[in-house]
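Engineer: missing the sequence, but the structure's below:
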């Protein structure tokens, strides 16, 4: 399983926003793009998606910008991924709607995918934005995670 670049960038962006939580008030997309190294149009697209999901609050105009809608400790990695990618599912056969699997009708594994999806979602839900915004080196070293390494990189830049 691999996150899309957009989901990965959303985690990087939200982690940077969490580091500013309680500090400067509202952030703007330009300053966040500068801080994270993400292209401004990507940050703007992510702000829109994350706002629609209720993870950030945005305000237009003078004095506008955006901020996290709740404390970083209450926003999980699963929340962010689902805001960008939709429900966490390892296979399409558990979603409602049309599928193009040729063995779906006789598949003996299909009844078990919901449990697998629940386990993956539970693992992601167990990682808070607060933990991602305060990087612990032991997490980065043992796991080749781009998201954690990027967060560590940002911390040392900022």
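Structural biologist: Here it is on my side, so go on. Since this is a predicted model, take the numbers as computed values, not measurements.
Engineer: state the phi and psi torsions of residue 54.
Structural biologist: Per-residue torsions, residue 54: phi 80, psi 20 (degrees, to the nearest 10).
Engineer: once you drop chain neighbours, what's closest to it?
Structural biologist: Distances taken as CB to CB, 6 or more residues apart in numbering put residue 69 closest to residue 54, at 5.8 Å, once the chain neighbours are dropped. All C-beta atoms are positioned from the backbone trio N, CA, C, and that covers glycine.
Engineer: centroid residue for this protein?
Structural biologist: In the chain, the residue lying closest to the centroid (CA atoms, centre = their mean) is residue 80, at 3.1 Å.
Engineer: which SSE is immediately downstream of the helix or strand hosting it?
Structural biologist: Assigned by DSSP states H and E, residue 80 belongs to helix 77-85. Downstream of helix 77-85, the next assigned helix or strand under DSSP H and E is helix 113-125.
Engineer: run through the neighbouring helices and strands of that next one.
Structural biologist: helix 77-85 (3 or more CB pairs under 8 Å, 6 or more residues apart in numbering; DSSP states H and E).
Engineer: what angle do the helix it packs on and helix 113-125 make?
Structural biologist: 110 degrees (axes from the mean of the first three to the mean of the last three CA atoms, to 10 degrees).
Engineer: near residue 55, how many residues? Count them for me, please.
Structural biologist: 22 (other CB atoms under 10 Å).
Engineer: what of residue 19?
Structural biologist: 20.
Engineer: same deal with residue 30?
Structural biologist: 12.
Engineer: next: residue 75.
Structural biologist: Residue 75 - counted by other CB under 10 Å - has 25 other residues nearby.
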